[in-house]
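# quick one: sequence plus predicted model below, questions after.
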Amino acid sequence: MTKTNSSQATPRSLGYSMPAEWMPHRATWLAWPHNRATWPSQLENVREVWLQMIQALALNEQVVLLVNDEQTERDVVLRLKNVGAVMKNTSILKIPTVDVWMRDYGPTFLTRGGKSPLALNDWIFNGWGGKYQSYEDDDRVAKDIAALLQIPVFNHAVVLEGGSIEVNGAGTCLTTEQCLLNENRNPDMSRGEIERFLKDALGVSHIIWLAEGIVGDDTDGHIDDIARFIDPMTGDGLRFAIRGGELAASAALEAFAHGWSGVHARLAASRAREFAGKWRFNRALRALVASPSAVDAAALAARIAPGVLRATIAHAGDCRVAC
């Protein structure tokens with residue numbers, strides 16, 4: 001069974017929530033590229049990209065890099081010094097990994113105010129639905145990090161990858177049916193049970209479901225391939241970047257409608273027309289203003305906005321004046 005114990009305290013019950021990606025944070029966690037099965041001919045090029053990322057990040061924040069052994073550590077330190085990375089902001093830990101996909105198999109950090117402000121969720125990582133059994137060894141990475149940090153850990157008997165969830169830091173989570181409702185993840189959990197679990201584990205109150213991800217995606221439709229929040233969804237402003245077609249468009253419209261009405265919707269629809277550049281998408285936004293519910297609007301968008309590749313809904317604060 002892949003269900004959590006409802007009698008146990010949850011992150012939400014203890015005041016924890018998953019912060020949005022743009023929130024202030026102490027460090028970025030990375031794993032050093034080494035798997036030649038993933039990078040058969042581009043491994044050195046990929047390592048150069050990692051060095052550039054670390055160099056840029058370490059200018060303003062901590063970078064924690066996982067390596068497999070001492071020899072790799074010595075090699076990476078030399079490479080970082082050669083590119084001028086800020087070494088005082090760079091920590092290298094000998095925590096072996098199979099590959100670099102830290103977002104999927106690593107811990108999901110949680111924050112709250114007051115005592116013990118940092119905690120983490122430790123999900124089960126099963127190699128993206130059992131497709132890559134050798135990658136399942138990376139399931140232990142989150143446990144190794146938790147042991148090192150000595151912070152509260154919520155161990156969940158649920159299969160989940162970090163790339164399958166996206167939060168805005170204001171109570172909303174985006175995900176896909178193709179991934180989280182897939183029988184290769186949690187076949188014993190219903191949609192309702194998964195929604196309740198996400199709300200408890202991430203500290204959110206609203207779940208937006210997209211149907212499917214991009215075609216041929218080995219992750220079974222991870223949300224981070226389709227849609228990302230780029231600003232909190234609040235009455236003071238909304239920015240929501242999407243790509244991938246009508247499914248993303250419908251999710252954007254549902255998010256847009258949640259907590260918005262009347263003049264807010266008209267102002268945002270007007271601003272969206274400046275960015276979307278697609279007549280059908282604009283038509284969907286205009287219809288949203290008169291729609292009786294977010295669900296109806298999202299369904300309408302899915303019908304009349306096919307082929308939208310990218311659009312941005314943005315409300316830049318003029319609502320305060322107009323309202």
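Everything's here; your move. Numbering: from 1, shown residues only.

# what's the neighbour count on Asn121?
Look at Asn121: counted by other CB atoms under 10 Å, it has 23 neighbours. In this view, the C-beta of every residue, glycine as well, is placed from N, C-alpha and C.

# please, which helix or strand holds it?
Asn121 belongs to strand 118-124 when assigned by DSSP states H and E.

# now do whatever helix or strand comes next after that strand: everything it contacts.
Following strand 118-124 in sequence order, the next helix or strand is helix 127-130 (DSSP H and E). Contact partners of helix 127-130, identified using CB atoms under 8 Å, 6 or more residues apart in numbering, comprise 104, 133-136, 159, 161, 182, 184-185, 218-220.

# and the two most separated of these?
Greatest spatial distance among these (CB to CB): Ser134 and Asn182, at 20.2 Å.

# with neighbour numbers in mind, choose between these two.
Asn182 (17 against 11).

# the nearest residue to that one once chain neighbours are set aside: neighbour count?
The spatially closest residue to Asn182, leaving aside those adjacent along the chain, is Asp220, at 5.2 Å (CB to CB, 6 or more residues apart in numbering). Neighbour count of Asp220, defined by other CB under 10 Å: 21.

# same question, His156
His156 has 22 nearby residues by other CB under 10 Å.

# ok, it to Leu174 distance?
Relative to Leu174, His156 is positioned 19 Å away (CB to CB, to the nearest Å).

# next, give phi and psi for Gly171.
The phi/psi pair for Gly171 (degrees, to the nearest 10) reads phi 100, psi 10.

# wait, what's in contact with it?
By CB under 8 Å, 6+ apart, Gly171 lies in contact with 204-206.

# of those residues, which is the most crowded?
In terms of neighbours by other CB under 10 Å, those top out with Val204 at 22 neighbours.

# that one and Cys173 touch, don't they?
Yes - using CB atoms under 8 Å, Val204 makes contact with Cys173 at a distance of 4.5 Å.

# okay, and the common contacts of the two?
Contacts common to Val204 and Cys173, judged by CB under 8 Å, 6+ apart, are 167, 198.

# hang on, isn't Glu61 packed against Trp29?
No - the criterion here is CB under 8 Å, and Glu61 misses it with Trp29 at 11.2 Å.

# poorly predicted segments of the chain, please.
Along the chain, the model assigns pLDDT under 70 to residues 1-7, 233-323.

# specify the residue ranges that define each domain of it.
By the record's domain assignment, the chain is partitioned as 12-163, 230-322 (automatic domain parsing).

# what about Gln150, neighbour count?
Count around Gln150 with other CB under 10 Å applied: 7.
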